[in-house]
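S.K.: sequence-free structure coming up:
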């Protein structure tokens with residue numbers, strides 16, 4: 001199950017905070033408390049609650065000020081605000097709405113009334129006999145992957161990419177009742193259309209993990225249909241870039257010179273979180289990140305599900321070249337072989353025993369020397385890394401724009417020849433748009 005929803009009660013009435021805090025906790029909410037506006041706003045920025053339950057008249061920041069401050073911060077645009085007051089003036093109600101409140105409730109507030117309002121604002125249907133949510137239906141469903149974009153650098157539509165696809169990086173993982181999206185390349189557009197058609201009027205709760213913010217990994221976000229629906233909640237997780245923060249990069253590509261709809265006017269509930277740690281959780285799915293060898297700040301992710309783990313390294317250049325399974329030279333001229341080998345061992349250990357490895361294989365070995373230091377790998381080295389790590393299945397990924405379907409056929413044949421020469425059991429495939437991988441099936445096959 002997902003983590004409980006968070007509600008922050010900002011109210012100078014300690015008895016109100018105590019009574020409603022206890023009652024909300026009994027109904028599955030994680031409750032935070034603040035006694036006045038300034039400390040409440042600090043807690044909003046730190047804890048990013050789903051709901052702020054704010055009294056209108058308080059010391060050090062009244063409810064109107066709290067609403068305006070939250071609404072001015074684009075990173076808090078997902079936060080829903082319920083203003084409470086012992087006064088039932090229509091002027092106060094209108095002013096609270098103008099300041100950014102989603103709901104205005106007059107004290108005394110009935111507990112059932114408050115629960116219904118919070119559930120509605122969070123997209124939870126509390127009516128008896130309502131449809132079950134995706135979380136309820138799929139919490140125990142087998143984990144599965146689906147490829148929506150497999151290309152690197154730039155989209156490449158055309159007759160030569162029909163079989164494997166021409167959209168840039170985007171992979172969907174469903175596990176533990178969560179829908180987790182890996183990268184927001186142009187493949188995200190088709191995924192969004194599919195999600196809207198599947199769930200129709202049901203609320204969507206999605207998590208997007210960004211490996212980095214190079215354009216081919218974020219350019220699908222403005223065309224992602226769920227962000228135009230108020231019932232959608234999208235959490236975007238990633239790491240701060242080399243020159244600017246995650247919010248600036250994602251909102252910048254939607255500014256008026258480039259796109260007609262500003263990021264701040266999207267009706268969907270979007271939360272952008274800059275990660276600080278390399279280990280975190282998305283619901284029941286444990287996630288580990290590791291820095292990739294690629295220009296700027298770029299990471300790969302490993303996600304642990306009940307049916308096995310998935311590693312996603314769309315952009316990565318090995319720290320040293322391989323011949324078979326032996327490192328022969330660093331890929332950066334200023335690095336010693338000892339240093340490069342040590343860094344490569346860290347990658348191998350990070351991937352140790354992974355069931356599914358989605359790895360950058362942009363170049364053929366004959367192309368690689370001309371692109372050394374660009375931050376992308378070749379098929380021969382990727383296979384060597386997968387074999388050393390004991391991966392069960394390798395998907396060649398981040399296909400070069402100049403590699404058509406026939407060229408990719410030759411690349412996967414080359415990869416399988418290397419595995420056969422090493423007498424390995426690694427299964428190698430080319431990542432293909434629309435392909436689905438059932439992790440449980442793969443795990444059972446590997447043990448049979």
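M.R.: Cool, got the structure. Please read all numbers here as calculations on a predicted model, not as lab measurements.
S.K.: Am I right that residue 281 is in a helix?
M.R.: No. Residue 281 is assigned strand when assessed by DSSP: H, G, I helix; E, B strand; the rest coil, not a helix.
S.K.: quick one: it from residue 239, how far?
M.R.: 17 Å (Cβ to Cβ, to the nearest Å). In this view, the C-beta of every residue, glycine as well, is placed from N, C-alpha and C.
S.K.: what does residue 267 give?
M.R.: Distance of residue 267 to residue 239, given as Cβ to Cβ: 27 Å.
S.K.: Looking at these two, which is more packed in?
M.R.: Taking other Cβ atoms under 10 Å, residue 267 and residue 239 do not tie; residue 239 has more neighbours (20 against 12).
S.K.: What does the pLDDT read for the more buried one?
M.R.: Listed pLDDT for residue 239 reads 90.
S.K.: Report the contact partners of it.
M.R.: Residues counted as contacts of residue 239 (Cβ atoms under 8 Å, 6 or more residues apart in numbering) are 210, 212, 246, 274, 275, 289, 297, 299.
S.K.: what does residue 318 give?
M.R.: By Cβ under 8 Å, 6+ apart, residue 318 lies in contact with 293, 331, 344, 347, 377, 381, 382, 385.
S.K.: Including distance to residue 54, could these go into JSON lines?
M.R.: Formatted as JSON lines, the contacts of residue 318 follow (distance: Cβ to Cβ, whole Å):
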{"residue": "293", "distance to residue 54": "47"}
{"residue": "331", "distance to residue 54": "54"}
{"residue": "344", "distance to residue 54": "52"}
{"residue": "347", "distance to residue 54": "47"}
{"residue": "377", "distance to residue 54": "51"}
{"residue": "381", "distance to residue 54": "55"}
{"residue": "382", "distance to residue 54": "52"}
{"residue": "385", "distance to residue 54": "52"}
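S.K.: Drop anything exposed from those.
M.R.: Among those, those scoring as buried are 293, 331, 344, 347, 377, 381, 382, 385 (criterion: 16 or more other Cβ atoms under 10 Å).
S.K.: Now for the chain, the helix or strand with the poorest mean pLDDT.
M.R.: When each helix and strand of the chain is scored by mean pLDDT, DSSP states H and E, helix 134-138 comes last, with a mean of 46.
S.K.: Residue 306 is in contact with residue 285, correct?
M.R.: No. Assessed by Cβ atoms under 8 Å, residue 285 is found out of contact with residue 306, at 9.1 Å.
S.K.: Between those two, tell me which one has more neighbours.
M.R.: Neighbour comparison, residue 285 and residue 306: the larger count goes to residue 285, with 22 against 14 (by other Cβ under 10 Å).
S.K.: Please enumerate the helices of this structure.
M.R.: For the chain, applying DSSP state H gives helices covering 14-26, 37-47, 63-72, 90-99, 111-121, 134-138, 187-199, 246-252, 337-350, 365-368, 379-389, 405-421, 439-447.
S.K.: Highest mean neighbour count out of those?
M.R.: By mean neighbour count, with neighbours taken as mean count of other Cβ atoms under 10 Å, helix 379-389 ranks first of these at a mean of 24.
S.K.: And the contacts of that helix?
M.R.: Residues outside helix 379-389 that contact it (Cβ under 8 Å, 6+ apart): 318, 321-322, 324-325, 344, 347-349, 351-354, 357, 359-361, 363-365, 368, 394, 396, 411, 414-415, 418-419, 422, 424, 426, 428.
S.K.: Just give the closest residue to residue 280, not the sequence neighbours.
M.R.: Nearest residue to residue 280, sequence neighbours excluded (Cβ to Cβ, 6 or more residues apart in numbering): residue 287, at 5.5 Å.
S.K.: The one you found reaches residue 207, doesn't it?
M.R.: No. With contact defined as Cβ under 8 Å, residue 287 does not reach residue 207; the gap is 9.4 Å.
S.K.: who's more crowded, the two?
M.R.: Taking neighbours as other Cβ under 10 Å, residue 287 and residue 207 compare with residue 207 leading, 22 against 18.
S.K.: Could I get the contacting residues of that one?
M.R.: Applying Cβ under 8 Å, 6+ apart to residue 207 gives the contacts 178, 179, 180, 181, 234, 235, 237, 282.
S.K.: which two from these end up farthest apart in space?
M.R.: Between any two of these, the greatest separation by Cβ to Cβ is 13.5 Å, found for 179 and 237.
S.K.: For the stretch 101-250 of the chain, give me the ranges with low pLDDT.
M.R.: For the stretch 101-250 of the chain, the stretches flagged by pLDDT under 70 are 123-140, 241-244.
S.K.: Tell me where it has strands.
M.R.: 103-106, 144-149, 170-175, 178-182, 204-209, 232-238 (DSSP state E, counting those that start in this stretch).
S.K.: Among those, which comes closest to residue 404?
M.R.: Taking Cβ to Cβ, strand 144-149 is the member of the strands of the stretch 101-250 of the chain nearest to residue 404, at 16.7 Å.
S.K.: Pull the distance from the closest one to the chain's centre.
M.R.: Relative to the chain's own centre, strand 144-149 is displaced by 14 Å; criterion: Cα atoms, centre = their mean, to the nearest Å.
S.K.: Which neighbours in the sheet does that strand have, and how are they oriented?
M.R.: According to DSSP bridges, strand 144-149 forms sheet pairs with strand 170-175 (antiparallel), strand 436-438 (antiparallel).
S.K.: Tell me the spacing between residue 79 and residue 99.
M.R.: Noted for residue 79: a distance of 13 Å to residue 99, by Cβ to Cβ.
S.K.: and what of residue 205?
M.R.: Distance from residue 205 to residue 99, counting by Cβ to Cβ: 27 Å.
S.K.: Quick check: closest non-adjacent residue to residue 330.
M.R.: residue 340 (3.6 Å).
S.K.: Quick check: that neighbour touching residue 333?
M.R.: No. Assessed by Cβ under 8 Å, residue 340 is found out of contact with residue 333, at 10.7 Å.
S.K.: So, low pLDDT: which residues of the stretch 251-400 of the chain?
M.R.: In the predicted model, the stretch 251-400 of the chain carries pLDDT under 70 at residues 324.
S.K.: anything in contact with each of residue 285 and residue 306?
M.R.: Common neighbours of residue 285 and residue 306 (criterion: Cβ under 8 Å, 6+ apart): 175, 176.
S.K.: List the buried residues of stretch 228-240.
M.R.: Using 16+ other Cβ under 10 Å as the test for burial, stretch 228-240 gives 229, 232, 233, 234, 235, 236, 237, 238, 239, 240.
S.K.: No further queries at this time; thank you.
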